[in-house]
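Q: below are the sequence and a predicted model; questions follow.
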Amino acid sequence: MRDLIVKLEVVDDTAASALRVIDHFDRLIAERASVAAMVRAVAALAGCPAGLHDAGRDISPRYDPQGHSLPQVQSGSWARVAVPDRPGAWVWLERTGEARPLDALILERSAKAIQTLTGASADRSADAAVRIACDPDAPDSDRCDAAKQLGLTGPVTVIVISSFQPPSPHSTRVGRHAVTLVAGTAVPPSDLRAGTAIAQEPAHLPTALEHARLALRLTDRMNGPGPSLVAYDDLGALAVLAERTTPQEAAGIADVRRLDQTLVTHPWVIDTLQAVLDHASLRQAATGLHLHHSTLQERLVWLATQLGYAVTKPGGRQRATVAVAFWRIAHSEDELTDDGG
C-alpha cells in the first residue's frame, strides 16, 4: 500500500490522498485502536471537529483536529454516516462551508472501522434498546426497532430518577439519570424520588424523557414536605419555569439567593415554606412539620425579615411559591450527590 501511494503521488495526488485515508484506518484496525482514537483520527484527517454518537452504549466522544476533547453536542445537521450494524450509532464531521473531496471517504471508512472494532453485530441488550428508544438523534427506524425489542407499542410511562440503581428490567443509565420505560400509563411506586411523563406512542419517547427530567427538577427529597414523585402533566405553568430556566439562571435570581443565604444557618427554611404553601392552615403546616403552632409562627416572622416579604400575605404566598420552585430548579443538579431538601 505504501509503495502504491508513493507511485500515485507522482501522477494523481487525489488518489494518493484517498489511499492514505484507507491505509490510516486499516492500520488503526490492525492496532486495535480505541474508539476515541478513531474519532480523533477522523477529526485530524478532515481538519475539522468530528464526533461519534452511539446511543446503545451511551457515548458521544467529540474531538477537534488537534485531538482535544470537546463538549458533547447533538450531531444536528452535520454530514454523518451510520455505523453498519449498530442502530443509533453514527460518525459526523462538523465542516463549515462546502464539503471537501475526501469527507465522504473519511466518514465511510471510519464508520466501517468502528464497526470492526466494536463488534460486527449491534448491542441487543435491553439497556441499549432503552437508550436508542429515547435518543432524539436516532433515526425513526432504529427507535421503532428498539421499542419493539422492549415490547413497547402503545403509550409508555417514562420514569427518571437520580438513583444509581434502576428499579426494573427496562431501566438503564441515560446521561446522569436512571431511566425506566413502563408500558401503559403506569403509576410508579411512591417510594421513589422521580419525575415521570407519558409518551402516547414510542416515537414520542425522546420528548417524554426530557419532560420527565424537567419534572424531576421540581421534586422534593424522600419524606420531605413536598412531593418526591412529580408527573410532568401535573405541572401546568410550572413546567414552563423548568423548561425555560437553567439551574444556573435560577441560582442567580435574587429571591433564590436569599433562600440560599438563610439556609446556611437555618436548614429548615425550604421545608417550612413548602409545608406552609401546601397546607390550608398554619396549624396543619405545623402538624406536618412536627412543630408547635407558636414555633412555626416565630419562624415565619423571622423569614419575613430575611426574605423581604411575608409568606402569610397573598402576594407573599405567590412570591414564595415561585421562589421555592426556582430554588428546586437551581439545585436540581445536586440530586446525584445530595438527596437533601
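A: Here it is on my side, so go on. Numbers count the residues shown, from 1 in each chain.
Q: any idea where the strands of the stretch 201-341 of the chain begin and end?
A: Assigned by DSSP state E, counting those that start in this stretch, the strands in the stretch 201-341 of the chain fall at 229-231.
Q: output the below-cut-off pLDDT ranges for it.
A: 335-341 (pLDDT under 70).
Q: can you give me the helices for it?
A: Along the stretch 201-341 of the chain, the segments classed as helices by DSSP state H, counting those that start in this stretch run 205-217, 238-244, 247-251, 254-265, 269-278, 282-289, 293-307, 314-330.
Q: give me the element residue 92 is part of.
A: strand 89-93 (DSSP states H and E).
Q: pLDDT on that strand, on average?
A: Strand 89-93 shows a mean pLDDT of 91.
Q: who touches it?
A: Around strand 89-93, the neighbours that count as contacts under C-beta atoms under 8 Å, 6 or more residues apart in numbering are 39, 42, 46, 48-57, 75, 78-83, 103, 106-107, 110-111, 114, 122. Where C-beta positions appear, they are placed from N, C-alpha and C, glycine not excepted.
Q: distance of the residue lying closest to residue 269 once chain neighbours are set aside from residue 272?
A: Leaving aside its sequence neighbours, residue 269 sits nearest to residue 262 (C-beta to C-beta, 6 or more residues apart in numbering; 4.8 Å). Residue 262 sits at a distance of 10 Å from residue 272 (criterion: C-beta to C-beta, to the nearest Å).
Q: those two: who's more crowded?
A: residue 272 (22 against 18; other C-beta atoms under 10 Å).
Q: ok, the more buried one touching residue 286?
A: No. At 9.6 Å, residue 272 does not count as touching residue 286 under the criterion of C-beta atoms under 8 Å.
Q: mutual contacts of those two, please.
A: In contact with both residue 272 and residue 286: residue 296, using C-beta under 8 Å, 6+ apart.
Q: hmm, back to that, from the contact counts, what lies against the helix or strand following the strand holding residue 92?
A: Per DSSP H and E, the first helix or strand lying C-terminal to strand 89-93 is helix 103-118. For helix 103-118, the contact count by 3 or more C-beta pairs under 8 Å, 6 or more residues apart in numbering; DSSP states H and E identifies helix 13-30, helix 35-46, strand 79-82, strand 89-93 as packing neighbours.
Q: so where's the stretch 51-200 of the chain shaky on pLDDT?
A: 74-76, 119-124, 163-169.
Q: all helices for it, in order.
A: Under DSSP H, counting those that start in this stretch, the stretch 51-200 of the chain gives helices at 103-118, 126-133, 140-149.
Q: need the residues that contact the first one.
A: Residues lying outside helix 103-118 but in contact with it, judged by C-beta under 8 Å, 6+ apart, are 18, 21-22, 25-26, 28-29, 32-35, 38-39, 41-42, 45-46, 52, 54, 79-86, 89-93, 95.
Q: now it: buried residues?
A: By neighbour count on 16 or more other C-beta atoms under 10 Å, the buried set for helix 103-118 is 103, 105-118.
Q: and for stretch 233-242?
A: 235, 238-239, 241-242.
Q: over to stretch 95-105?
A: 95, 102-103, 105.
Q: follow-up on the earlier one: strand partners of the strand holding residue 92, parallel vs antiparallel please.
A: strand 50-54 (antiparallel), strand 79-82 (antiparallel) (DSSP bridges).
Q: now do the contacts for the spatially most central residue of the chain.
A: The residue lying closest to the centre of the chain (C-alpha atoms, centre = their mean) is residue 175, at 4.9 Å. By C-beta under 8 Å, 6+ apart, the contact set of residue 175 is residue 58.
Q: the one 10 residues further on too?
A: Residues counted as contacts of residue 185 (C-beta under 8 Å, 6+ apart) are 155, 157, 198.
Q: out of the helices of the stretch 51-200 of the chain, flag the one nearest residue 161.
A: helix 126-133 (13.6 Å; C-beta to C-beta).
Q: ok now that closest one, how far from the chain's centre?
A: Distance of helix 126-133 from its chain centroid, counting by C-alpha atoms, centre = their mean, to the nearest Å, is 14 Å.
Q: minimum distance to residue 191: which of the helices of the stretch 51-200 of the chain has it?
A: Of those, nearest to residue 191 by C-beta to C-beta is helix 126-133, at 21.9 Å.
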